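Peer 1: Sequence first, predicted model second:
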Number of protein chains: 4
Amino acid sequence: MSKIKYGMVGGGQGAFIGGVHRIAARMDDHFELVAGAFSSTPEKSKASGAELGVDADRAYGDFAEMAIAEGARRDGIEAVAIVTPNHMHFPIAKAFLEAGIHVICDKPMTTSLEDAQELAKLVETSGRLFVLTHNYSGYPLIRHARAMVANGDLGKIQIIQAEYPQDWLTEALEGTGQKQAAWRTDPKQSGIGGCVGDIGTHAYHLAGYVSGLKAEKLAADLTTFVPDRDLDDNIHVMLRYENGAKGMIWASQVAPGNENGLRLRIYGTKGGLSWEQENPNRMLHTPYGEPPRILTRGGPTVGPEAERMSRIPPGHPEGYLEGFANIYSEAAAAITAFRNNQAADKAVHFPTVNDGVDGVAFIVACVKSSEANSAWTDI
Amino acid sequence: MSKIKYGMVGGGQGAFIGGVHRIAARMDDHFELVAGAFSSTPEKSKASGAELGVDADRAYGDFAEMAIAEGARRDGIEAVAIVTPNHMHFPIAKAFLEAGIHVICDKPMTTSLEDAQELAKLVETSGRLFVLTHNYSGYPLIRHARAMVANGDLGKIQIIQAEYPQDWLTEALEGTGQKQAAWRTDPKQSGIGGCVGDIGTHAYHLAGYVSGLKAEKLAADLTTFVPDRDLDDNIHVMLRYENGAKGMIWASQVAPGNENGLRLRIYGTKGGLSWEQENPNRMLHTPYGEPPRILTRGGPTVGPEAERMSRIPPGHPEGYLEGFANIYSEAAAAITAFRNNQAADKAVHFPTVNDGVDGVAFIVACVKSSEANSAWTDI
Amino acid sequence: MSKIKYGMVGGGQGAFIGGVHRIAARMDDHFELVAGAFSSTPEKSKASGAELGVDADRAYGDFAEMAIAEGARRDGIEAVAIVTPNHMHFPIAKAFLEAGIHVICDKPMTTSLEDAQELAKLVETSGRLFVLTHNYSGYPLIRHARAMVANGDLGKIQIIQAEYPQDWLTEALEGTGQKQAAWRTDPKQSGIGGCVGDIGTHAYHLAGYVSGLKAEKLAADLTTFVPDRDLDDNIHVMLRYENGAKGMIWASQVAPGNENGLRLRIYGTKGGLSWEQENPNRMLHTPYGEPPRILTRGGPTVGPEAERMSRIPPGHPEGYLEGFANIYSEAAAAITAFRNNQAADKAVHFPTVNDGVDGVAFIVACVKSSEANSAWTDI
Amino acid sequence: MSKIKYGMVGGGQGAFIGGVHRIAARMDDHFELVAGAFSSTPEKSKASGAELGVDADRAYGDFAEMAIAEGARRDGIEAVAIVTPNHMHFPIAKAFLEAGIHVICDKPMTTSLEDAQELAKLVETSGRLFVLTHNYSGYPLIRHARAMVANGDLGKIQIIQAEYPQDWLTEALEGTGQKQAAWRTDPKQSGIGGCVGDIGTHAYHLAGYVSGLKAEKLAADLTTFVPDRDLDDNIHVMLRYENGAKGMIWASQVAPGNENGLRLRIYGTKGGLSWEQENPNRMLHTPYGEPPRILTRGGPTVGPEAERMSRIPPGHPEGYLEGFANIYSEAAAAITAFRNNQAADKAVHFPTVNDGVDGVAFIVACVKSSEANSAWTDI
C-alpha cells in the first residue's frame, strides 16, 4: 500500500505525546507526516514543522484553518493525529471529520459526556474512521489475552483487578512550570478528571478490552492528596460487570516508586492471567489446578493475534513504542481499506469513538459516585 | 528461662493449623506441650495426645474439663493454644481465662462482635495474657516496615493497598469432604464471614499493624462466586483511615494461580514499601526521587526490630513457620515476665485481644456494608 | 518412634552453624540434645551446656572424653553432630564412630583426601551411619528436581550451570576479629580451600545430586582478590560429566550484592530446570517447545519426593531451617531403623560419607588444576 | 540534519535481521533507504526493493555492481548496511569502502582473523566510517553501566559474568529448511564459530564494553550437542582480563526455556551491576554494604549517557529495536559530522572495526583453545 499522508494537531516543541505518535506512525512505514498545527502560535508551529520536515505552507497556526485547507487540497492529508490537551480534542476532531479526514485522537476523548456522545454521532454521519489511542491495547500479549478470554480459556470471568500507579505527581510538580504536570492538573484543560482521566481510563479500557465485558456500575472514592491540587491524584474504584464479574481499579499519581505500573489480573472459573506493562513481553497464565505458565511474546502457544502485532522473535523485547505503533498500523490497514473501498481484514481492530464514549462515561461516573459518597453509579 | 508448659485445644489428627502451632512453639525451645483436648471425642484426643507425647491423663475429651483440671494442678499448664474452628474460640478462651491460664488463640477471634467485646473484658478482669496469632505480623521485615513507618521514613501515610488472593476454593471443595474447606465455608463454624474472616482479616490486620493507623470506615462488596456456597469467597473493600489515608483490600479464595498471595503496599509523602508473603525475606523500599532499594532480612539498613525476629544470616530464607514462631517467642517472653512478676522488655509485643476485637469489627462492618449496597460503614 | 538422644561437638557461644543444627534437630521433634563438647574450654562448654539444658556432667571439655563416656553410658547418645571448623571433623568423627555412635557432620568433610578416604573406611567398618549436612539437598523442590531428572523429564542432561555468589568477604573481614571469617580464611582450620571448600562444594554437590551425574574432570581458575588473604575467595570452574554433559561453577565471596545466591540450572534434550536458594519454594521448569512452568512446593504436579519434605501447604514459604531439618529427619528415620534393626523406608536418603569424599576430591582437584594453569584434572 | 540516504546488502524477503536494521534506521528519522542488493537473484532483489519503496534501477542483483554504481552517482548512498550471512561481510564491506561509502555491518565482522585485520586497514585507508552493530551496547542502561564503571562507582573491577543462553537450536532445526538455522550452522557461511560467533561474541563484546577492560586470555570448552551439527552449539569460557579481573562466558543455543537470555553481571571492590536483556529497562546496582538499588531507564540517578539513548519517560519500556536504533542514530551523528567535515559530539560512539577485529579474535581463540583441550590462549 502507498503511505498514508497525515497531519498532526499539537505535538510541537516541548510536548511529549506528539513525538510518541510520530515514532509510532513511522515505525512500520505506513504513514508520512506532511502537515500540522503543532502550536497555536503560527511561528512556533512553523518552527516545529521545519524540524519535522513539514513544508512551511502546511505548518498551520490554527487547526480550523488546517482542516479546511487540507480538506480542500487534492493531495490533502487522509488522517489527522490529535495530541493536544483534552479540552481541545472535541473541536479539533469535529473540524477534521467535517472536512472528511480520518481522526486518530488521544484519550480521554473529550471533557464531557455530551461532547463524547456528539462526537460519536459526528463520526457516524461523517463515515470517517476514528481511532482512539488506548495504546496499551496494542501490546501483543494483550491481544493474546483477549483472544484467550474470548476462546474460553479462563472459563467464566469473575474477578478483574486493574491498577495503574505512578509517582510523578507525588509533589506539586505543576507549581514548578512543568508543562505536562500543569495541564494535566488543570480542570480547564483536562476536564473533571485528573488521575482518573489520565491513567484511570487506561486501566478501565484495558480491563474491558481483555475481558470483553462491559462494566455496568461503579463505586468510587477519589482523593486529592497534594494540597491545593485541583483534580484527583488517586482513585479507588469498585466495579460490577455485566455478567456478575466484580472488579477493582486503583490508579495513583502519588505512589512513590511507581513509574507506569499498569497491571491487569483477570480470573475466571478455569484460570487467570496476569500482565504488567513495564515488562510487557511476558504474561502469567494460571490454569486452575496446573502449574502457572509464563507466556512470552512469540513463545509457545501464543497465537496469531499476538504474532500480527510483533516484529521480531521472542526474547528480544518490544516495548511501548511498538505497542503504540500497532495501533497506528491497524489504523493504516483500515484507512487503506477505506481508500480502496474495501473491508479491512477481519483481524484489524482498534479502540474507536465508542471506547471514547465509554471512557468519558467512566470518568463522569467516578466523579459522580465519589461526590455521592461512593454510591454505586451507572456508567 | 525455664520452658513454658502449655496445652492445646483442637489440633488433633487431620487438622492443619494445630501442627503449625506446635512447630512454632517448639522452634525456639521456649514451650513444652503437656496437655490437650485435641478432639471432642475422648478416644481421638487420647490417640492424638499419645502421638504428641502427652500423658494419657492430660489428654482430655472436653476443653471445660481440661481448663478446670489444669487450672487446679500444681504443675498445670501456664498457657493454652486454641486452634479450633472459629465458633469455639470464645467459650474455650473464657474457660481457660477463668482458670487463670494465658490464652494463645487463632483468628478470627470470635464469631460475633459481642463475644469479642466480652472476651476483651474477660481478659482484663482475668489479668491474664491473650495472644492472637496474626502470624504475618511476626515476619522480620514486617517488623522493620512498621518501624520505618513509625520513624517517619515514608512521611505521612496516604495509600494502603493490601491483598490476599488464594485459589484453593475455586471449586466447591467443601462438597468433597475436605475438612478444612468444610468448616471454613460453614457459617455455623466460621461465623458470618467466609473469605473475609479467614484471610481478609489477615490483610486488614497487617495494613493496620504496619501503618500504625486505625481504619475508621469501609465500603465493601462481598461476593460468593461458587454456587451454593454459604459464605463469601471474594471481597472488595475500600477503606478510610484516621489521618485521611485511603486503602483497599482485595481478598479471594477463587483466584486461580494464587496460593497465599498476601501483599502489602503502603505509600506516604516520602516513600513507599512493598512486601509479599510468598517471598518474605525481601521488601522494596521506594524513597521518592531515589532508586528503589531492595531490603533483605538481615541486610544493610534493616534494623533491630527485624533482627530480634531472625535466627540466621541474610540470604538464607526464613519462612512462615519462623514468622509464626516469632509470635510464640514474644508470647514466651511476656509469659515469663508475668511469671516473674516483671515487665517484659519494651520491644516485646504481639497481637492482643484488642486486635481481635478490631478484626471481628472489620468482618461485621464488611458484611453490613455489603448488605447495604456497599455503604460506608463504621468499623 | 521415641526421640533420638544426641550430642554436639562445637556450637558453643558465638558460633553460627551449631544453632542451626539444633533448630533443625528440634523442628520435627525427633531429637533431644543431652550432651556436648561445645568448646574445648571446659568452663565454656559447661556454660553453653547450661544454656542449652544439658546436664553439667554431660557438658564435656574434650570431644575424646565425650566419645568414650557417652559410648560407655547405657543411656548414651545415639548420634553426634559435629559443627566445628573443618580441620577437626576427621578426628572427632573417628572418635565417635569408634565409640559406636552415629555421626552427623558438617561439610567439607575433611581437609585432605586421605582423611576423607580413611573416614569412609571407618564408617564402613563401624557399621554406623554417617550423615553429611549438605543441607541444600533437603529443600523439597530440590528433591523434586532430582526425581524429575531421574524420571527422564528433561531428557538426556547436557548442561549444568551452578553458582554460589556471596559478598560477605568483599573486604578483609577476617582482620576485624569476626570469628566466622577468621577460621574460614585460615588454611590451618579450613584446609586448602577457601571459597571452594565453603560454598563451592555446596554448588558442586547440588549439581551432582540433582543431575545424578558424576563429574569426571574439571578445569579451575581460583583467585584470591582480597590482598593478604590466604585462601581463594572466587572460583571459576568448568566441568565434564560422565555422560558428556558439560558444566560450570562460579562461586564467590567477593561479589557485592549477593547474600547466598546459590542457583542451579540444568538442561537436557527435553527441557530445563532453574532454582534459586534465596526463594526456594518455586522452581522454573522449561519443557522444550512449551511455555515455562512455575512449580511451587506443594503445587500442581510436584510429587511425593517434595511432599515428604514439607510441613505446610504451598504458598506459605518454608526456608533454610526447614531444608536443614529435612536432613535431620531423614537421619532420624535411618537411625530409628538402625535401632530397630530394620531397613529404612526406600525413600529415605541423605548425603553420606561418599558425598564427603567426592566433595573433598572436588576441592583438591580445583586447587590442583588451578595450580596447573587450569589444566583438566580428574576428580 | 538532512536524512542520510543509505542502501542495504542482504535483507530480502524471508530474512530476519534486514528488517530489524530498516526499522532501526527509520526509528529516529535520520535515514532513508534508497538502494539495495537485497538478493543475489536480480528479480528477487527488485521484488524486495519494490516492497521497500526502492526505485527499480537502484535494486541491484549484485553488491559489487551496486557499490560501483552508487559510488558513481551524484546522489549515491552515503552508507550501506550489510546484513548478509557472515562470509559475505568482508568482500561487501571492502567493495563499499573502496567506493567511498560508509559501512554499517552486522557481526561477527568476518570469518577469519586475517580478513578482519585487513578490513581494519581498509577502513583506515578509506577514511570512511565503519559501524559494527553490536546492538546490545545501544541499550540506555548499558550506556549508564559503562559510565558507572568508568566513573569508579564499582571500584576496581574483579569479576565479570556474562551469559547468553538460547534454546532455538535444541533440535536439528537446520535440517528442516529453516533458513536462519541453516546458515548459522553452516561453516561455509558462518565461519569456524557457531554459537560462539552468533551470540558468544555479543556476550564478549558487552562484557568488554561495560567493563572497559580488554580480555587477554581465555580457556574455552566448545561443545556440539546436537548430532551431525557442524558447529558448536554451547560454549563455556573462562577469561582473564588485563587488570587481573576474571570472567566467565556461557552461551548456548540448546538450553530449553531460554529465548535471548543475554545477561551481564560485573563486580568490583565497591559494588556490582546486574542487567538482563529481556527486561532491559532495569538494572540492579549493588553498592557493597548498602541495599541493592533498582535503576530504571530514565529513573533517579541514571545519567545523561542513558538519557541520550532514550525517547520516552521511564516506566514505558523501550526494547530491542530502540537499542538497535540507538546504534543507527549514533552512526547518523557521525556520518553527518563527517559530511560537514566536523568532529562528532564527544558523547557519540559505537562499535567499530576494532571491536570487529577483537570479536573475531575471540572466536578464533575460543576454537583454538577448545581444540587444545582448553589451554589458556591469547586473544
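Peer 2: Sure thing, it's come through. Numbering: from 1, shown residues only, chains lettered A, B, ... in the order given.
Peer 1: in stretch A:207-222, what's buried?
Peer 2: Going by neighbour count (16 or more other Cβ atoms under 10 Å in any protein chain shown), the buried part of stretch A:207-222 is A:207-211, A:213, A:215, A:217-222. C-beta: built from backbone N, CA, C; applies to glycine.
Peer 1: Near A:F350, how many other residues are there?
Peer 2: Counted with other Cβ atoms under 10 Å in any protein chain shown, the neighbours of A:F350 add up to 23.
Peer 1: count of residues packed around the closest residue in space to it that isn't next to it in sequence?
Peer 2: Distances taken as Cβ to Cβ, 6 or more residues apart in numbering or on different chains place A:E330 nearest to A:F350, at 4.4 Å, with adjacent residues excluded. A:E330 sits with 23 neighbouring residues when counted by other Cβ under 10 Å.
Peer 1: For the helix or strand A:E330 falls within, list every residue counted as buried.
Peer 2: A:E330 belongs to helix A:320-339 when elements are defined using DSSP states H and E. Buried residues in helix A:320-339, defined by neighbour count with 16+ other Cβ under 10 Å: A:320-338.
Peer 1: how far out from the middle of the chain is that helix?
Peer 2: Distance of helix A:320-339 from its chain centroid, counting by Cα atoms, centre = their mean, to the nearest Å, is 13 Å.
Peer 1: Likewise for stretch A:47-60?
Peer 2: On the basis of Cα atoms, centre = their mean, stretch A:47-60 sits 26 Å off its chain's mean C-alpha point.
Peer 1: ok, and what's touching it?
Peer 2: The set of residues external to stretch A:47-60 that reach it, using Cβ atoms under 8 Å, 6 or more residues apart in numbering or on different chains, is A:7, A:11-13, A:22, A:33-39, A:42, A:45-46, A:66, A:69-70, D:29.
Peer 1: A:R128 touches A:C105, doesn't it?
Peer 2: No. Under the criterion of Cβ atoms under 8 Å, A:R128 lies out of contact with A:C105, with a separation of 11.7 Å.
Peer 1: can you give me how far the helix or strand containing A:A69 is from the chain middle?
Peer 2: Using DSSP H and E, the element containing A:A69 is helix A:63-72. Taking the mean of its C-alpha atoms, helix A:63-72 sits 25 Å from the chain's own mean (Cα atoms, centre = their mean).
Peer 1: Which elements pack onto it?
Peer 2: Applying 3 or more Cβ pairs under 8 Å, 6 or more residues apart in numbering or on different chains; DSSP states H and E, we find helix A:63-72 packed against strand A:4-9, strand A:31-37, helix A:89-98.
Peer 1: Need the ones you listed in CSV (columns: mean pLDDT, distance to chain D and mean neighbour count).
Peer 2: Shown next, in CSV, are these (pLDDT from 0 to 100; distance: least, Cβ to the nearest Cβ, whole Å; neighbours: other Cβ atoms under 10 Å in any protein chain shown):
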stretch, mean pLDDT, distance to chain D, mean neighbour count
strand A:4-9, 98, 14, 26
strand A:31-37, 97, 9, 24
helix A:89-98, 98, 21, 23
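Peer 1: got these as TSV, with distance to chain C columns?
Peer 2: As requested, those are exported to TSV (distance: least, Cβ to the nearest Cβ, whole Å):
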stretch	distance to chain C
strand A:4-9	37
strand A:31-37	35
helix A:89-98	41
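Peer 1: which stretch among these comes nearest D:G76?
Peer 2: Counting by Cβ to Cβ, D:G76 lies closest to strand A:31-37 out of these; the figure is 23.6 Å.
Peer 1: Quick one: residues in contact with the closest one.
Peer 2: Strand A:31-37 has contacts (Cβ under 8 Å, 6+ apart) with A:3-11, A:22, A:25, A:45, A:48-49, A:52-55, A:58-63, A:65-66, A:70, A:76-77, A:79, A:328, A:332.
Peer 1: Going through the residues you listed, which ones are buried?
Peer 2: Buried subset of those (neighbour count, 16+ other Cβ under 10 Å): A:4-11, A:22, A:25, A:45, A:48-49, A:52, A:54, A:58-61, A:63, A:66, A:70, A:76-77, A:79, A:328, A:332.
Peer 1: who touches the spatially closest residue to A:G193 that is not a sequence neighbour in this structure?
Peer 2: Leaving aside its sequence neighbours, A:G193 sits nearest to A:I363 (Cβ to Cβ, 6+ apart; 4.1 Å). Shown in contact with A:I363 (Cβ under 8 Å, 6+ apart): A:108, A:191-193, A:196-197, A:200-201.
Peer 1: Between helix A:89-98 and the host helix or strand of A:I363, find me the angle.
Peer 2: Assigned by DSSP H and E, A:I363 belongs to helix A:353-371. Using axes from the mean of the first three to the mean of the last three Cα atoms, to 10 degrees, the direction of helix A:353-371 lies 160 degrees away from that of helix A:89-98.
Peer 1: mind checking how far helix A:353-371 is from the chain centre?
Peer 2: The gap between where helix A:353-371 is centred and where its chain is centred comes out at 14 Å by Cα atoms, centre = their mean.
Peer 1: List the contacts of whichever helix or strand comes after that helix.
Peer 2: Downstream of helix A:353-371, the first helix or strand assigned by DSSP H and E is strand A:377-378. Strand A:377-378 is contacted from outside by A:216-220, A:365, A:368-369, using Cβ under 8 Å, 6+ apart.
Peer 1: run the last query once more with 7 Å
Peer 2: With contact meaning Cβ atoms under 7 Å, 6 or more residues apart in numbering or on different chains, strand A:377-378 is reached by A:216-218, A:365, A:368-369.
Peer 1: which neighbours does that strand have in its sheet, and in what orientation?
Peer 2: strand A:215-223 (antiparallel) (DSSP bridges).
Peer 1: can I get the CA coordinates of the helix or strand just after the partner strand in CSV?
Peer 2: Per DSSP H and E, the first helix or strand lying C-terminal to strand A:215-223 is strand A:234-241. The C-alpha coordinates for strand A:234-241 follow below in CSV (Å, rounded to 0.1, in the frame of the first residue of the first chain):
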residue,chain,number,x,y,z
ASN,A,234,-5.6,8.9,43.5
ILE,A,235,-8.6,6.8,42.7
HIS,A,236,-10.1,3.7,44.3
VAL,A,237,-12.9,2.2,42.3
MET,A,238,-15.1,-1.0,42.7
LEU,A,239,-16.8,-2.2,39.6
ARG,A,240,-19.7,-4.5,38.7
TYR,A,241,-19.6,-6.0,35.2
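Peer 1: helices or strands next to strand A:234-241 in the packing?
Peer 2: For strand A:234-241, the elements it packs on are strand A:215-223, strand A:246-252, strand B:234-241, strand B:246-252, judged by 3 or more Cβ pairs under 7 Å, 6 or more residues apart in numbering or on different chains; DSSP states H and E.
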